[in-house]
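[1] sequence first, predicted model second:
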Amino acid sequence: MNLLRTKTILFGSVLLIALGGAALFVIHRELGGHSIIEAVKNADFKWLFIAFAFMIIYSVSDGLNIRSCLKLSGYTISFTQMMKYSYAGFFFSSITPSSSGGQPGQLFFMSRDKIRISHATFSLLSALLSFQVSAVIWGILGFFFIMHRDILPYGRFSFLFTAGFLLNLLIVTFLLIVLFFRKASDSLAGITIRLFRRISSKPGTKHRILRSFVTYRHASDLMKKNPPVLMTMLFRSFIQITLYHSISFLCLCSLGCTGPDWFTAVCVQGVLFMSVSSLPLPGASGITEYGYSLFYSDFIPSNKLGAAILLTRFMSFVLPLIISGLGLLIIQLKENIRRIRL
């Protein structure tokens, strides 16, 4: 028992130190050399409070989608567990390239809660699909809108936004095919196996790929048998992504900027998000700020553009990163204390 307690305390301490260190590094990188205090000081707190409330709803919506999927697999989780998985998704996505660490981080915490990997994977895959579909809806809507308004990014690295947009569209198309088109999914499985045979000769590669496609098929069957759950998740995700894309508009209002209007801002953010979220940068750092300056340069006075970028990034990325990190910290501490007492 003493050995178990020691290992629990040691593991929890190392995990918390690693989480804290990663969060501090990302926050320093985002705000290094910039004064967020000055930007906040000149802002109207009424709009910032609404932006903060939107990000809270964003996190809760993500957790609710995960809980809905886990319920289909026979799990009943508490609100605390639900938020733990939501916080883990945002936190690890924010500190890893292409948001690749979000689902592995969530799977780690789910496995510690005795949730089978196959059931956890199904839940996260379904939640990801509903989120990505909603993001694509706003992305495509925004694309045609900015084309009509001639709001196009021009600059040295503007090609990255086109590449990122197409990559995200490809990812969502792949998910839809493997989930809802069985024959096409089987063909994709065969192509994937042949491709990986050429890249890697490690034993068990074929088995792992087939197991992944079986998981996708299981998820597809469950979703087809429970259309109300899927529709509720899609609706919730659409509200979630809409609130997230509204943060930039609220930050502009807080700085007294009169343009763009809400719909234009959300459309621009929809295109920007879809263009940068899959690029191999932790939290899409750097490229998001660059894209913001390109897309919004015609709407925001040059003397307020820097403050608008900083404030929007703080409210939509840095502050939620801090909240998700602290949320994981508090939940993990409480769970460690409970495990030690048992």
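    Cool, the structure landed. Numbering: from 1, shown residues only.
[2] how about low-confidence regions in the stretch 101-250 of the chain?
    Where the stretch 101-250 of the chain drops to pLDDT under 70, the residues are 148-164, 178-220.
[3] kindly recompute the last result at 90.
    Scanning the stretch 101-250 of the chain for pLDDT under 90 picks out the ranges 101-231, 234.
[4] do a quick rundown of the helices in it.
    102-112, 117-149, 159-180, 182-199, 205-225, 227-245, 247-254 (DSSP state H, counting those that start in this stretch).
[5] give the other helices and strands that the shortest one contacts.
    Read it as helix 247-254. Counting contacts by 3 or more CB pairs under 8 Å, 6 or more residues apart in numbering; DSSP states H and E, helix 247-254 is packed against helix 45-72, helix 262-276, helix 302-313. (Each C-beta comes from the backbone N, C-alpha and C, glycine too.)
[6] and these as TSV, adding mean pLDDT and distance to residue 329?
    Shown next, in TSV, are the helices and strands packed on helix 247-254 (pLDDT from 0 to 100; distance: least, CB to CB, whole Å):
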stretch	mean pLDDT	distance to residue 329
helix 45-72	92	15
helix 262-276	84	27
helix 302-313	80	22
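[7] among the ones you listed, which is nearest residue 334?
    Closest to residue 334 of the helices and strands packed on helix 247-254, according to CB to CB: helix 45-72, at 16.8 Å.
[8] coming back round to it: and the helices and strands packed on helix 247-254, which is most packed in?
    Highest mean neighbour count among these (mean count of other CB atoms under 10 Å): helix 262-276, with a mean of 23.
[9] let's verify residue 74: helix, strand, or coil?
    Under DSSP: H, G, I helix; E, B strand; the rest coil, the three-state class of residue 74 is coil.
[10] identify the residue nearest it in space, chain neighbours excluded?
    residue 119 (7.8 Å; CB to CB, 6 or more residues apart in numbering).
[11] these two touch, right, that neighbour and residue 73?
    Yes: assessed by CB atoms under 8 Å, residue 119 is found in contact with residue 73 at 4.0 Å.
[12] more neighbours: these two, which one.
    A count of neighbours by other CB atoms under 10 Å puts residue 119 above the other of residue 119 and residue 73, at 19 against 15.
[13] where's residue 332, which helix or strand?
    helix 319-341 (DSSP states H and E).
[14] from memory residue 252 sits against residue 308, does it?
    Yes: here residue 252 reaches residue 308: they are 5.8 Å apart, a contact under CB under 8 Å.
[15] mutual contacts of the two, please.
    residue 300 (CB atoms under 8 Å, 6 or more residues apart in numbering).
[16] check the gap between the residue nearest to residue 74 and residue 70 for me.
    Separation of residue 119 from residue 70 (CB to CB, to the nearest Å): 7 Å.
[17] ditto for residue 130
    Taking CB to CB as the measure, residue 130 falls 14 Å from residue 70.
[18] likewise for residue 60?
    For residue 60 relative to residue 70 (CB to CB), the value is 15 Å.
[19] next one: residue 42
    44 Å.
[20] then residue 81?
    9 Å.
[21] could you find the closest non-adjacent residue to residue 243?
    Nearest residue to residue 243, sequence neighbours excluded (CB to CB, 6+ apart): residue 54, at 4.1 Å.
[22] is it true that that neighbour touches residue 242?
    No: Residue 54 is not in contact with residue 242 according to CB under 8 Å; the separation is 9.2 Å.
[23] show me what contacts residue 117?
    The neighbours of residue 117, taking CB under 8 Å, 6+ apart as the test, are 107, 110-111.
[24] which ChimeraX command selects the buried ones in those?
    Those of these that count as buried under 16 or more other CB atoms under 10 Å are selected in ChimeraX with:
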select :107,110
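[25] possible to save the contacts of residue 117 as a markdown table with distance to residue 267?
    Below are those laid out as a markdown table (distance: CB to CB, whole Å):
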| residue | distance to residue 267 |
| --- | --- |
| 107 | 34 |
| 110 | 35 |
| 111 | 39 |
